[in-house]
Structure formats: C-alpha cells, structure tokens
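Peer 1: here's a sequence, model it:
(one chain, ligands or ions: 1)
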Amino acid sequence: MTETLKIGIAGLGTVGAGVVKLLAAHDRLLGLRGGRRLELVAVSARSRARKRDIDLSGVRWEKDALALADAPDIDVVVELIGGSGGVAKRLVERALRAGKHVVTANKALLALHGADLAALAEKRGSILAFEAAVAGGIPIIKALREGLVGNRVSRLYGILNGTCNYILTTMRETGRDFDVVLAEAQAAGYAEADPSFDVDGIDAAHKLAVLTGTAFGTKVDFAGVHVEGIRRVTSMDIEFAQELGYRIKLLGLARETSYGIEQRVHPCMVPLETPIAHIEGVFNAVAIEGDHVGKTMFQGRGAGQGPTASAVVADIVDVARGRNMPAFVVPAARLADKKASPMDRHVGAYYIRLMVQDQPGVIAAVSKALAAERISLESMLQRGRSQSGEVPVVLTTHETQEARMQRALAKISRLKAVAEAPCLIRIEAF
Ligand code: HSE
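Peer 2: Below is the predicted model:
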C-alpha cells in the first residue's frame, strides 16, 4: 500500500463538486481515519468553464475521463458521471481491468451490470464500492455488508426516491394535484426537467435492484422489478388514504417467495402508525428485517451534495484502509441466479378507487365481479354527488392474489357505469 491514496474523479456535477469540497474540508481527519493521506490528483468533466465553487489548483484536468483509468498515478477512480452505459460504463470497466479500485454512485450502471462488474473487480483484486448509489447519505450498503451481515434478510422495503416522496408529501399538505406539484418542484429545482426516471419509479427500481442483490446474495436483476410510478395518484386518493388510516408512499419492496425473488416499486398504502409513513419530503428511509436482528430502519437524506458526497467519501476511506470485500457481500461467482417472482403471484390487500355513475346496481355489479374471484371486501366508501354524475367509490379488500384482482378489475373496467380506469394502490402490512 502506498503512503498516499491517489484519487481521480470523473464527473463534477453537484455530487462530484461535493466530494472535492469534502476531501478538502476534512483532509487531515480523513487521512487519520483512512490510515494514509487522500490526495485528489486528477479530475475530468464535460465542461471546464462551469462555475463550481471548488479549488482545483494543483489538480490535473483530463479532457477524456477514460484517461483516469489509464493514469499510472491514480489508485482509485471515482465515477460520478451517471448512466447505465456510455462513458461511465467504459470508464468503470477500464479502471477495474487496469487493477484500479472504483467508487461509484451510479445506480443505473449497477442495476444493469452489477454482477458482471463485481466479477471483474474480483478477478483483478480491486474494490468496487457504491454506498452513494442507494439512498444517498444513508449508509445502507455498509449496514448490509457489515452490521447486518449475520442475518438472513427476510424482507426489505424503503422510500428510495426523494423527488416522489417530496411530491406525495406536498400533495397531501396542500391538496394540490400531481401535475401542479411536479411543475412547482421543477421550477424550484427539486425535480429534474425530465422527471420520468423519478416519477415513473425507475430510479427507485435501480436502487431496489442493487439493494436486493446486496441483501439476498443474488445477481442484481433490474429486469425482475415490477415498476409503477406515482403519476396516477390523485389528491383524492391521498385524502381517502388519510380517512382510512394510511399514507401513500412510493416504496421499493423485496423479499424471497416460493416463486423466486419478489421486487416491486409502486405507490403503497402504508398504515399511519408505522414509522415509514412519517418519512416526509425529500427524505429516504430503508427498513431491513433480519432473522436475528428483527426490524431495523435507517433514514436520512437520499440526495443532495453533502449527503451523497458523505457516502462517496466513506467508500474512498474504505479503499484507503484496504478493506476489500466482495461488492455484493458474497463472492461474485457465488451470487445466486434466482428467478423473479411474477407479480401475478403477489398476495396482498388492495385499495381500489372507481369513478362510477351514481345509479342503482353499480355497487352490486362491482361486488359480483369481486366475488367471482373470491375477493373479500374490507370496507367501502362512497362520497357525495358530482354534477357530472360520477362519484368516487373506494373499496379496500382483504388479502388476495394479484392475478385475481387484475381479472376482477378488467371486468369492472368494462362495466358501462365505470367512467375511467380504476385506480389500484396496494396496501402494505409491516
Ligand atoms: N433523483 C433521486 C431522488 C436522487 O429524487 O431521490 C438521486 O438518486
């Protein structure tokens, strides 16, 4: 081990600049904690001219990020470019092939290529670390790799996307609709100009796939995640949720079933008395249930300059210490290739909101469709009378199989008195 750990950073956006700042701010402390000096020797980013408020004097600027992988004076490449392919992927692969360590915050890359990259790192004896890829500043990967490593994980779930949690929280607090809150969040810089990765659940699904692989010792399987976003959640659903004793959260959930690994990202009705119901705004939370530890929950900021830099630097310090562990806890060659449990097999309770013509016989027809699939109702609410003649009817059910619920809903959607596609939100029990 050389006396100084030499670092190259690719990508100087919010997170990259945050890492440069943190390394400078805690230079002495990090040297003590890492057992050797940490030195930023080179950086690379798309624009050199962009104002970043960081001191790069004495730091080499590489026009081509890939040069960081080839540079003989760099021990660890920190990849903060993002994206599942392109330069980010080429850089990580090339750095690992060159025997360098890699620290990355790139959940998309890991979700799609995690198992291969872990195998490559192990082949070269390099460290591949990605604490910042999941839930920003929350040290959840470390928790799974270290603090909880004695447990068999039975289930994990979490709020993995701050943008969605912010939108759902603001919808509840203000009574405004999704489109309005999203536009405001974009204007304030909280949501991306292209919000689809966040609001359609893809970002959360990337993170869930990485968490699942780490927790269950399985090959990261992004394609196996059932994904639904929050676009269809209305302020009406949020109000009904409150009335029924729930809060609506976009969760990522994973567990092992007899059909394989179930991974799902979708809006959930979460009982108000559970801690995760009270994680609000941009905050993230991850709950891990282990066979010996029981229930644990970690919460904190899932994005932003300081929190994400905190996670990246934790990995850099691990590299400085020479803590080389398999990226997904078990050696890459031993990661299980488990099947994805099909969503049809999911068993749970459901919230269904229908917009129906307020006329006799509608509820009877809806009940008949549910009864035909042996779905048992828990409650039913009908509110008011609207001028258009359509009123919301809300049903909650006892546990049933997803396939049954989908068949019943297909029938219900075809009823003449049902005005629009039913809104289905799964009720979770914790
Ligand atoms: N866009 C993400 C979020 C943060 O809103 O939580 C980065 O993963």
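Peer 1: so which residues of the stretch 201-350 of the chain form helices?
Peer 2: Ranges of helices in the stretch 201-350 of the chain, per DSSP state H, counting those that start in this stretch, are 202-216, 235-244, 305-321.
Peer 1: span of stretch 188-203 from start to end?
Peer 2: Stretch 188-203 has its terminal residues 20 Å apart, counting by Cα to Cα, to the nearest Å.
Peer 1: show me where the stretch 101-250 of the chain has its strands.
Peer 2: Using DSSP state E, counting those that start in this stretch, the strands found in the stretch 101-250 of the chain span residues 101-104, 128-129, 153-159, 225-227, 246-257.
Peer 1: quick one: distance of stretch 236-245 to the chain centre.
Peer 2: Centroid displacement of stretch 236-245 relative to its chain, using Cα atoms, centre = their mean, to the nearest Å, is 24 Å.
Peer 1: show residues contacting it.
Peer 2: Stretch 236-245 is contacted by residues 168, 171-172, 175, 247-248, 269, 271-273, 351, 353, 379, 381, 392, 394, 396, 423, 425 when judged by Cβ atoms under 8 Å, 6 or more residues apart in numbering. To be clear about C-beta, it is placed using only N, CA and C from the backbone, and glycine gets the same treatment.
Peer 1: interface residues of the stretch 301-430 of the chain facing the ligand?
Peer 2: 302-303 (Cβ under 6 Å from any ligand atom).
Peer 1: swap the cut-off to 8 Å and go again
Peer 2: The stretch 301-430 of the chain has residues 302-303, 308 near the ligand, with proximity defined as Cβ under 8 Å from any ligand atom.
Peer 1: please apply the same query to the stretch 51-200 of the chain.
Peer 2: Within the stretch 51-200 of the chain, the positions near the ligand by Cβ under 8 Å from any ligand atom are 105, 107, 136, 160-166, 191-192, 197-198.
Peer 1: so of the residues you listed, which ones are in helices?
Peer 2: Among those, the members falling in helices (DSSP state H) are 107, 162-166, 197-198.
Peer 1: can I get the residues you listed in CSV with pLDDT and neighbour count?
Peer 2: Below are those laid out as CSV (pLDDT from 0 to 100; neighbours: other Cβ atoms under 10 Å):
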residue, pLDDT, neighbour count
K107, 97, 28
G162, 95, 25
T163, 95, 24
C164, 97, 28
N165, 97, 24
Y166, 96, 22
F197, 95, 17
D198, 96, 25
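Peer 1: per-domain residue ranges of this structure.
Peer 2: As given by automatic domain parsing, the domain ranges for the chain are 4-138+308-327, 141-302, 346-427.
Peer 1: which among the residues of the stretch 301-430 of the chain next to the ligand gets closest to V347?
Peer 2: G302 (29.0 Å; Cβ to Cβ).
Peer 1: what about the strands in the stretch 301-430 of the chain?
Peer 2: 347-357, 377-382, 390-397, 400-401, 423-427.
Peer 1: can you list the ones you listed in a markdown table and add mean neighbour count?
Peer 2: Shown next, in a markdown table, are these (neighbours: other Cβ atoms under 10 Å):
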| stretch | mean neighbour count |
| --- | --- |
| strand 347-357 | 20 |
| strand 377-382 | 13 |
| strand 390-397 | 20 |
| strand 400-401 | 18 |
| strand 423-427 | 20 |
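Peer 1: of those strands, which is nearest N151?
Peer 2: Of all the strands of the stretch 301-430 of the chain, the one in closest proximity to N151, counting by Cβ to Cβ, is strand 347-357 (23.9 Å).
Peer 1: does anything pack onto the closest one? Which helices or strands?
Peer 2: For strand 347-357, the packing partners by 3 or more Cβ pairs under 8 Å, 6 or more residues apart in numbering; DSSP states H and E come out as helix 235-244, helix 362-372, strand 390-397, strand 400-401, helix 402-413, strand 423-427.
Peer 1: number of nearby residues for the closest residue to the ligand within the stretch 301-430 of the chain?
Peer 2: Going by Cβ to the nearest ligand atom, the ligand is nearest to A303 of the stretch 301-430 of the chain, at 3.5 Å. The number of residues packed near A303 is 22, by other Cβ atoms under 10 Å.
Peer 1: test my guess that it contacts G281.
Peer 2: No - with contact defined as Cβ atoms under 8 Å, A303 does not count as touching G281 (11.4 Å).
Peer 1: any residues in contact with both of the two?
Peer 2: G162.
Peer 1: related to what we said a few turns ago, which one of the strands of the stretch 301-430 of the chain lies nearest to L182?
Peer 2: When those are compared by Cβ to Cβ, strand 423-427 sits nearest L182, at 17.7 Å.
Peer 1: how far out from the middle of the chain is the closest one?
Peer 2: Relative to the centre of its chain, strand 423-427 is centred 20 Å away, using Cα atoms, centre = their mean.
Peer 1: same question, stretch 7-25
Peer 2: Taking the mean of its C-alpha atoms, stretch 7-25 sits 23 Å from the chain's own mean (Cα atoms, centre = their mean).
Peer 1: same check, this time on stretch 38-50
Peer 2: Its chain's C-alpha centre and that of stretch 38-50 lie 28 Å apart, by Cα atoms, centre = their mean.
Peer 1: just stretch 283-302 next, same as before
Peer 2: Computed by Cα atoms, centre = their mean, the chain-centroid distance of stretch 283-302 equals 13 Å.
Peer 1: which parts of it are buried?
Peer 2: For stretch 283-302, the neighbour count (16 or more other Cβ atoms under 10 Å) marks 283-290, 297-302 as buried.
Peer 1: ok, now stretch 406-421?
Peer 2: So stretch 406-421, judged by 16+ other Cβ under 10 Å, has buried residues 407-409, 411-412, 415, 417-418.
Peer 1: cool, and stretch 243-256?
Peer 2: By neighbour count on 16+ other Cβ under 10 Å, the buried set for stretch 243-256 is 244, 246-256.
Peer 1: shaky segments in the stretch 1-150 of the chain?
Peer 2: Scanning the stretch 1-150 of the chain for pLDDT under 70 picks out 1-2.
Peer 1: helices of that one, start to end?
Peer 2: Counting by DSSP H, counting those that start in this stretch, the stretch 1-150 of the chain has helices at residues 14-25, 27-34, 66-70, 86-97, 107-124, 140-142.
Peer 1: point out the most buried one among the ones you listed.
Peer 2: Ranked by mean neighbour count, the helices of the stretch 1-150 of the chain are led by helix 140-142 with a mean of 24 (mean count of other Cβ atoms under 10 Å).
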